[in-house]
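Colleague: A predicted structure for the sequence below; I have some questions about it.
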Amino acid sequence: MENKVYYDSWKEDRDIILEYNQVTLDDANMVNILGTGIDNVTRSQAVVKIMKMIEAGGVHHVISLNPYKLHRIYTNSDLSLISSRAAMHIASGAGLQWAAKMLKTPLKERIPLMSFLMDLVRVAEIKEYSIFIVGARPEIAERTFANIRRSFPKIRIVGRHGGYFDEEREKSVVEAIKKTDADIILVGLGFPKEDRWIATFRNEFKNAVFISVGGTFDIISGEIRKAPACFMDSGLDWFYRIITRPWRFGRLLRLLVFYIQVIVKRIIS
(Lines give C-alpha, C1' and ligand atoms only; values in the text may rest on other atoms or scores of the structure.)
Protein backbone atom coordinates (compact mmCIF):
# COMPACT_ATOMS: atom_id res chain seq x y z
CA MET A 1 0.00 0.00 0.00
CA GLU A 2 1.37 3.42 -0.95
CA ASN A 3 1.50 5.82 1.99
CA LYS A 4 0.60 9.15 0.43
CA VAL A 5 0.33 12.09 2.79
CA TYR A 6 -0.53 15.62 1.74
CA TYR A 7 0.03 18.70 3.87
CA ASP A 8 -2.14 21.66 2.98
CA SER A 9 -0.58 25.06 3.43
CA TRP A 10 -3.04 27.27 5.28
CA LYS A 11 -1.07 30.32 4.16
CA GLU A 12 -1.23 29.42 0.48
CA ASP A 13 -2.86 32.64 -0.70
CA ARG A 14 -0.94 35.00 1.57
CA ASP A 15 2.42 36.73 1.31
CA ILE A 16 4.18 34.43 3.75
CA ILE A 17 7.61 36.06 3.55
CA LEU A 18 6.09 39.48 4.17
CA GLU A 19 4.37 38.08 7.24
CA TYR A 20 7.61 36.65 8.60
CA ASN A 21 9.48 39.87 7.79
CA GLN A 22 7.06 41.63 10.11
CA VAL A 23 7.79 39.24 12.98
CA THR A 24 10.03 40.81 15.60
CA LEU A 25 12.34 39.01 17.99
CA ASP A 26 12.48 41.92 20.42
CA ASP A 27 10.52 40.06 23.08
CA ALA A 28 12.24 36.71 22.54
CA ASN A 29 13.92 35.48 25.71
CA MET A 30 14.94 32.32 27.53
CA VAL A 31 13.21 30.24 30.18
CA ASN A 32 15.32 27.99 32.40
CA ILE A 33 13.85 24.58 33.22
CA LEU A 34 16.07 22.27 35.26
CA GLY A 35 19.22 23.90 33.94
CA THR A 36 18.26 23.95 30.26
CA GLY A 37 17.52 27.23 28.52
CA ILE A 38 14.32 27.02 26.44
CA ASP A 39 13.72 29.64 23.77
CA ASN A 40 10.59 31.52 24.79
CA VAL A 41 9.29 32.26 21.31
CA THR A 42 6.19 31.77 19.21
CA ARG A 43 6.15 29.34 16.31
CA SER A 44 6.56 32.22 13.84
CA GLN A 45 9.48 33.59 15.84
CA ALA A 46 11.12 30.15 15.81
CA VAL A 47 10.88 30.04 12.00
CA VAL A 48 12.31 33.56 11.78
CA LYS A 49 15.23 32.53 13.98
CA ILE A 50 15.99 29.69 11.55
CA MET A 51 15.85 32.14 8.63
CA LYS A 52 18.31 34.42 10.40
CA MET A 53 20.65 31.49 11.12
CA ILE A 54 20.72 30.61 7.42
CA GLU A 55 21.29 34.21 6.40
CA ALA A 56 24.07 34.68 8.99
CA GLY A 57 25.88 31.49 7.97
CA GLY A 58 27.73 29.15 10.24
CA VAL A 59 26.62 25.87 11.79
CA HIS A 60 23.63 25.73 14.12
CA HIS A 61 21.95 22.93 16.05
CA VAL A 62 18.24 23.14 16.85
CA ILE A 63 16.74 20.77 19.42
CA SER A 64 13.04 20.06 19.94
CA LEU A 65 12.36 19.29 23.61
CA ASN A 66 9.72 17.55 25.68
CA PRO A 67 9.90 16.58 29.39
CA TYR A 68 11.46 13.19 28.65
CA LYS A 69 14.28 14.65 26.56
CA LEU A 70 14.87 17.51 28.96
CA HIS A 71 15.19 15.13 31.90
CA ARG A 72 17.65 12.96 29.96
CA ILE A 73 19.71 16.08 29.32
CA TYR A 74 19.44 17.10 32.99
CA THR A 75 20.80 13.76 34.20
CA ASN A 76 23.49 13.19 31.55
CA SER A 77 26.63 15.36 31.41
CA ASP A 78 27.35 14.38 27.80
CA LEU A 79 23.89 15.41 26.59
CA SER A 80 24.00 18.52 28.78
CA LEU A 81 27.19 19.66 27.03
CA ILE A 82 25.69 19.01 23.59
CA SER A 83 22.55 20.89 24.59
CA SER A 84 24.54 23.87 25.87
CA ARG A 85 26.08 24.28 22.41
CA ALA A 86 22.74 24.24 20.59
CA ALA A 87 21.54 27.44 18.95
CA MET A 88 17.87 26.98 19.83
CA HIS A 89 15.70 24.78 22.04
CA ILE A 90 12.06 24.49 20.96
CA ALA A 91 9.43 23.64 23.56
CA SER A 92 7.40 21.02 21.69
CA GLY A 93 6.08 19.11 24.69
CA ALA A 94 3.09 20.39 26.65
CA GLY A 95 4.78 19.34 29.89
CA LEU A 96 7.33 22.09 29.36
CA GLN A 97 4.54 24.66 29.27
CA TRP A 98 3.31 23.33 32.59
CA ALA A 99 6.83 23.35 34.07
CA ALA A 100 7.54 26.90 32.92
CA LYS A 101 4.28 28.12 34.41
CA MET A 102 4.98 26.24 37.64
CA LEU A 103 8.36 27.97 37.85
CA LYS A 104 6.69 31.36 37.26
CA THR A 105 8.39 31.88 33.90
CA PRO A 106 5.60 31.03 31.43
CA LEU A 107 6.29 30.19 27.81
CA LYS A 108 4.54 32.13 25.06
CA GLU A 109 3.29 28.92 23.48
CA ARG A 110 4.04 25.29 22.79
CA ILE A 111 5.56 24.68 19.36
CA PRO A 112 4.51 21.29 17.96
CA LEU A 113 7.44 19.91 15.97
CA MET A 114 5.38 18.76 12.99
CA SER A 115 3.63 22.12 12.56
CA PHE A 116 6.93 23.96 12.95
CA LEU A 117 8.61 21.79 10.32
CA MET A 118 5.78 22.27 7.82
CA ASP A 119 5.98 26.05 8.32
CA LEU A 120 9.72 25.89 7.79
CA VAL A 121 9.42 23.75 4.66
CA ARG A 122 6.87 26.20 3.22
CA VAL A 123 9.32 29.07 3.79
CA ALA A 124 12.17 27.00 2.38
CA GLU A 125 10.15 26.40 -0.79
CA ILE A 126 9.67 30.13 -1.31
CA LYS A 127 13.15 31.23 -0.23
CA GLU A 128 14.75 28.33 -2.15
CA TYR A 129 16.54 27.00 0.91
CA SER A 130 17.92 23.53 0.29
CA ILE A 131 17.14 20.59 2.58
CA PHE A 132 18.81 17.24 3.21
CA ILE A 133 16.92 14.40 4.91
CA VAL A 134 18.86 11.80 6.92
CA GLY A 135 17.32 9.18 9.17
CA ALA A 136 14.82 6.32 9.47
CA ARG A 137 14.77 3.30 7.19
CA PRO A 138 15.66 3.97 3.52
CA GLU A 139 12.09 3.38 2.31
CA ILE A 140 10.74 5.76 4.96
CA ALA A 141 13.26 8.44 3.95
CA GLU A 142 12.09 8.01 0.35
CA ARG A 143 8.40 8.29 1.26
CA THR A 144 9.17 11.32 3.42
CA PHE A 145 10.84 12.92 0.41
CA ALA A 146 7.92 12.02 -1.87
CA ASN A 147 5.24 13.31 0.51
CA ILE A 148 7.00 16.60 1.13
CA ARG A 149 7.49 17.10 -2.61
CA ARG A 150 3.82 16.28 -3.18
CA SER A 151 2.81 19.05 -0.78
CA PHE A 152 5.54 21.52 -1.73
CA PRO A 153 6.40 20.87 -5.42
CA LYS A 154 9.15 23.49 -5.67
CA ILE A 155 11.00 22.50 -2.50
CA ARG A 156 14.74 21.89 -2.98
CA ILE A 157 15.43 18.58 -1.26
CA VAL A 158 18.99 18.03 -2.42
CA GLY A 159 19.44 14.60 -0.89
CA ARG A 160 18.10 11.95 1.43
CA HIS A 161 19.61 8.94 3.14
CA GLY A 162 18.34 6.32 5.55
CA GLY A 163 19.65 6.38 9.09
CA TYR A 164 20.85 2.79 9.35
CA PHE A 165 24.57 2.86 8.56
CA ASP A 166 27.77 1.64 10.21
CA GLU A 167 30.83 3.76 11.01
CA GLU A 168 32.45 3.10 7.64
CA ARG A 169 29.32 4.03 5.71
CA GLU A 170 28.75 6.98 8.03
CA LYS A 171 31.81 8.80 6.67
CA SER A 172 30.54 8.60 3.10
CA VAL A 173 27.09 9.79 4.22
CA VAL A 174 28.62 12.85 5.88
CA GLU A 175 30.68 13.57 2.76
CA ALA A 176 27.57 13.26 0.59
CA ILE A 177 25.69 15.74 2.77
CA LYS A 178 28.61 18.17 2.75
CA LYS A 179 28.78 18.14 -1.05
CA THR A 180 25.16 19.31 -1.32
CA ASP A 181 25.78 22.47 0.76
CA ALA A 182 22.29 22.03 2.19
CA ASP A 183 20.97 24.97 4.18
CA ILE A 184 18.83 22.77 6.45
CA ILE A 185 19.69 19.21 7.50
CA LEU A 186 16.83 17.30 9.10
CA VAL A 187 18.23 14.52 11.26
CA GLY A 188 15.84 11.76 12.33
CA LEU A 189 18.01 9.19 14.08
CA GLY A 190 16.03 9.23 17.30
CA PHE A 191 16.90 10.92 20.57
CA PRO A 192 19.62 11.09 21.83
CA LYS A 193 21.50 9.44 18.96
CA GLU A 194 20.67 12.23 16.51
CA ASP A 195 21.95 14.98 18.78
CA ARG A 196 25.17 13.09 19.50
CA TRP A 197 25.58 12.52 15.75
CA ILE A 198 25.15 16.23 15.04
CA ALA A 199 27.62 17.13 17.80
CA THR A 200 30.17 14.70 16.33
CA PHE A 201 30.05 15.97 12.76
CA ARG A 202 28.93 19.59 12.97
CA ASN A 203 32.50 20.92 12.83
CA GLU A 204 32.96 19.37 9.39
CA PHE A 205 30.38 21.78 7.96
CA LYS A 206 30.74 25.47 7.18
CA ASN A 207 27.12 26.51 6.85
CA ALA A 208 24.15 24.41 7.93
CA VAL A 209 21.20 24.39 10.31
CA PHE A 210 20.85 20.92 11.82
CA ILE A 211 17.41 20.16 13.24
CA SER A 212 16.77 17.10 15.42
CA VAL A 213 13.41 15.72 14.31
CA GLY A 214 13.15 12.43 16.23
CA GLY A 215 10.56 10.11 14.72
CA THR A 216 8.92 12.77 12.57
CA PHE A 217 9.89 11.04 9.32
CA ASP A 218 7.75 8.06 10.37
CA ILE A 219 4.75 10.39 10.54
CA ILE A 220 5.48 12.39 7.39
CA SER A 221 6.00 9.19 5.44
CA GLY A 222 2.71 7.76 6.68
CA GLU A 223 4.47 4.83 8.36
CA ILE A 224 3.02 5.78 11.74
CA ARG A 225 -0.38 7.34 12.16
CA LYS A 226 -0.42 10.84 13.60
CA ALA A 227 -1.91 11.11 17.09
CA PRO A 228 -5.65 11.96 17.17
CA ALA A 229 -6.52 15.67 17.32
CA CYS A 230 -7.59 15.46 20.97
CA PHE A 231 -4.08 14.32 21.92
CA MET A 232 -2.33 16.77 19.60
CA ASP A 233 -4.33 19.80 20.74
CA SER A 234 -3.63 19.09 24.39
CA GLY A 235 0.05 18.40 23.77
CA LEU A 236 -0.31 14.76 24.77
CA ASP A 237 0.90 13.25 21.51
CA TRP A 238 3.84 11.80 23.48
CA PHE A 239 1.34 9.95 25.73
CA TYR A 240 -0.45 8.57 22.67
CA ARG A 241 2.86 7.21 21.39
CA ILE A 242 3.48 5.51 24.73
CA ILE A 243 0.08 3.83 24.96
CA THR A 244 0.27 2.66 21.35
CA ARG A 245 3.83 1.37 21.84
CA PRO A 246 3.83 -0.35 25.25
CA TRP A 247 7.59 -0.96 25.24
CA ARG A 248 8.02 2.77 25.89
CA PHE A 249 6.22 2.63 29.25
CA GLY A 250 9.58 2.93 31.00
CA ARG A 251 9.61 6.58 29.97
CA LEU A 252 6.70 7.29 32.27
CA LEU A 253 8.92 6.85 35.32
CA ARG A 254 11.37 9.45 34.05
CA LEU A 255 8.46 11.80 33.32
CA LEU A 256 7.15 11.34 36.85
CA VAL A 257 10.59 12.23 38.26
CA PHE A 258 10.68 15.32 36.02
CA TYR A 259 7.34 16.59 37.35
CA ILE A 260 8.37 15.94 40.94
CA GLN A 261 11.64 17.83 40.47
CA VAL A 262 9.84 20.81 38.99
CA ILE A 263 7.38 20.89 41.90
CA VAL A 264 10.24 20.67 44.41
CA LYS A 265 12.08 23.50 42.68
CA ARG A 266 8.95 25.61 42.81
CA ILE A 267 8.60 24.97 46.56
CA ILE A 268 12.20 25.78 47.48
CA SER A 269 12.64 28.75 45.16
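Modeller: Cool, the structure landed.
Colleague: C-alpha from now on. contacts and neighbour counts both.
Modeller: OK.
Colleague: would you confirm that H89 belongs to a helix?
Modeller: No: counting by DSSP: H, G, I helix; E, B strand; the rest coil, H89 is not found in a helix; it is strand.
Colleague: ok, it touching S64?
Modeller: Yes: with contact defined as CA atoms under 8 Å, H89 counts as touching S64 (5.8 Å).
Colleague: ok, S77 - contacts?
Modeller: For S77, no contacting residues are found, by CA atoms under 8 Å, 6 or more residues apart in numbering.
Colleague: how close does it sit to A87?
Modeller: Applying CA to CA, to the nearest Å, the value for S77 to A87 is 18 Å.
Colleague: what of I131?
Modeller: As for I131, its distance to A87 is 18 Å (criterion: CA to CA).
Colleague: when those two are compared, which one has more neighbours?
Modeller: Taking neighbours as other CA atoms under 10 Å, I131 and A87 compare with I131 leading, 26 against 17.
Colleague: and the more buried one, what does it touch?
Modeller: By CA under 8 Å, 6+ apart, the contact set of I131 is 156-159, 182-186.
Colleague: residues in contact with the longest helix along the chain?
Modeller: In the chain, assigned by DSSP state H, the helix with the most residues is helix 250-268. Outside helix 250-268, the residues that touch it by CA under 8 Å, 6+ apart are 33-34, 67-68, 71, 99, 102-103.
Colleague: how does it look with 7 Å?
Modeller: 67-68, 71, 99, 102-103 (CA atoms under 7 Å, 6 or more residues apart in numbering).
Colleague: likewise stretch 33-45?
Modeller: By CA under 7 Å, 6+ apart, the list of residues contacting stretch 33-45 reads 20, 23, 25, 28-32, 74, 88-91, 100, 107-109, 111, 116.
Colleague: can you tell me which of those are in helices?
Modeller: Short answer: the contacts of stretch 33-45 in helices (DSSP H) are 20, 74, 100, 116.
Colleague: tell me which two in these are the farthest apart.
Modeller: Y20 and Y74 (33.4 Å; CA to CA).
Colleague: in terms of packing, which of the two has more residues around it?
Modeller: Using other CA under 10 Å, the more surrounded residue of Y20 and Y74 is Y74, with 18 against 15.
Colleague: tell me who's in contact with the more buried one.
Modeller: By CA under 7 Å, 6+ apart, the residues touching Y74 are 34-35, 80.
Colleague: put the buried members of those residues into a ChimeraX selection.
Modeller: Command for ChimeraX that selects the buried part of the contacts of Y74, burial taken from 16 or more other CA atoms under 10 Å:
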select :34,80
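Colleague: pull out the buried positions in stretch 171-185.
Modeller: 173, 177-178, 181-185.
Colleague: for stretch 204-213, same thing?
Modeller: Buried residues in stretch 204-213, counted by 16+ other CA under 10 Å: 205, 207-213.
Colleague: next: stretch 190-202.
Modeller: 190-191, 194-196, 198-199, 202.
Colleague: list the buried residues in stretch 161-174.
Modeller: Buried-residue list, stretch 161-174, by 16+ other CA under 10 Å: 161-163, 173.
Colleague: err, stretch 219-226, not the other one
Modeller: By neighbour count with 16+ other CA under 10 Å, stretch 219-226 contains the buried residues 219-223, 226.
Colleague: where in the stretch 151-269 of the chain is pLDDT low?
Modeller: Scanning the stretch 151-269 of the chain for pLDDT under 70 picks out 226-227, 229, 232-243, 245-250.
Colleague: strands of that one, start to end?
Modeller: Taking DSSP state E, counting those that start in this stretch, the strands of the stretch 151-269 of the chain run over residues 156-161, 184-188, 208-212.
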